[in-house]
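> I need the structure of the sequence given here:
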Amino acid sequence: MFSWDTDAFCAGPYTFKLTLDSTQTQSTVSPLQLSIDINDQDTPRINPLALPVGTVGLAYPTTTLTEDGGTAPFKWSITGLPSGISQQTLVSPTISGSTCAAAGSYFVNAMVTDSATPNNSGTQGFTLQINKATTTTSVSADVNPSVFQQLVTFTVTVAPQYSCTPTGTVTLYDGQNSIGSSALTNGKATFAVANLSVGNHSLSASYSGDGSFNASNNNSAAWLQTVNRKR
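Purely as a prediction, here's the structure:
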């Protein structure tokens with residue numbers, strides 16, 4: 001006779017080897033049938049999992065946590081998720097969504113509770129990494145061509161890779177010369193300019209980036225502004 005504590009084991013087949021001590025001899029050979037019952041009434045254990053990496057504004061891959069042990073059905077509580085990513089239902093083990101939160105590492109804690117009487121619970125921590133998204137910065141003008149000393153409003157637009165709205169600061173350049181800097185509002189910034197010299201001007205912009213988006217320079221064709229003489 002022997003005993004085995006199964007608390008640390010999952011359900012499944014196991015192989016055992018019987019070794020006789022020095023005072024025993026094997027006189028007969030007969031098949032041995034061993035039935036092992038893993039007690040699923042014990043505390044449920046959440047299986048460790050490497051959570052997929054997410055990106056700001058991109059739909060997060062639908063991910064389902066799993067458990068071993070315990071008595072079904074189960075209720076799940078998952079906390080520490082970035083805003084926009086959540087459980088599909090209040091007690092679901094599945095998370096999905098998309099986030100505009102700051103990029104970085106989020107510590108996520110999952111707890112599963114079974115239906116035994118009394119209830120048993122298990123917890124497991126996870127790390128969820130959210131990466132910054134890229135941006136595209138472009139320049140446009142309300143009038144082109146313009147005439148010398150005419151007021152022209154240039155608009156710098158910072159477009160996200162997927163969704164969400166970039167914040168931060170943009171700088172407008174005339175060639176290599178900075179015209180000025182301005183904070184974004186709803187992903188845009190405007191510059192009123194009336195001192196461009198007669199001729200052609202290549203306007204570009206740079207974006208500083210923020211907690212959710214990478215910095216970018218003018219990564220579309222530069223805006224060519226033509227300034228004519230007054231008649």
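> Tell me which strands the lowest-mean-pLDDT helix or strand in the chain pairs with, and in which orientation.
Sorting the helices and strands of the chain by mean pLDDT, DSSP states H and E puts strand 216-217 at the bottom, at a mean of 88. Sheet pairing here is set by DSSP bridges, and for strand 216-217 it gives strand 199-207 (antiparallel).
> So which residues make contact with the partner strand?
With contacts defined as CB atoms under 8 Å, 6 or more residues apart in numbering, strand 199-207 is touched by 135, 137-139, 141, 154, 156, 158, 166, 168-175, 213, 215-218, 222-227. For glycine as for every other residue, the C-beta is placed from the backbone atoms N, C-alpha and C.
> buried residues in stretch 42-52?
Across stretch 42-52, burial judged by 16 or more other CB atoms under 10 Å covers Asp42, Thr43, Pro44, Arg45, Ile46, Leu51.
> Redo these as a markdown table? Include secondary structure.
Shown next, in a markdown table, are the buried residues of stretch 42-52 (DSSP: H, G, I helix; E, B strand; the rest coil):
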| residue | secondary structure |
| --- | --- |
| Asp42 | coil |
| Thr43 | coil |
| Pro44 | coil |
| Arg45 | strand |
| Ile46 | strand |
| Leu51 | coil |
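> Of these, just say which sits nearest to Thr66.
Nearest to Thr66 among those: Ile46, at 7.5 Å, using CB to CB.
> With adjacent residues omitted, what lies nearest to that closest one?
Spatial nearest neighbour of Ile46, chain neighbours left out: Gln124 (3.7 Å); criterion: CB to CB, 6 or more residues apart in numbering.
> Can you tell me the number of residues neighbouring the one you found?
Gln124 has 16 neighbouring residues, counting by other CB atoms under 10 Å.
> Over to Ala221?
10.
> What pLDDT is listed against it?
The per-residue pLDDT reported for Ala221 equals 84.
> Just give the number of residues close to the nearest residue to Asn219 once chain neighbours are set aside.
Nearest residue to Asn219 in three dimensions, chain neighbours excluded: Thr136, at 5.4 Å (CB to CB, 6+ apart). By other CB under 10 Å, 14 other residues sit near Thr136.
> residues of the strand or helix carrying Thr136 that come out buried?
Thr136 is part of strand 135-141, with elements assigned from DSSP states H and E. Buried residues in strand 135-141, defined by neighbour count with 16+ other CB under 10 Å: Thr135, Thr137, Ser138, Val139, Ala141.
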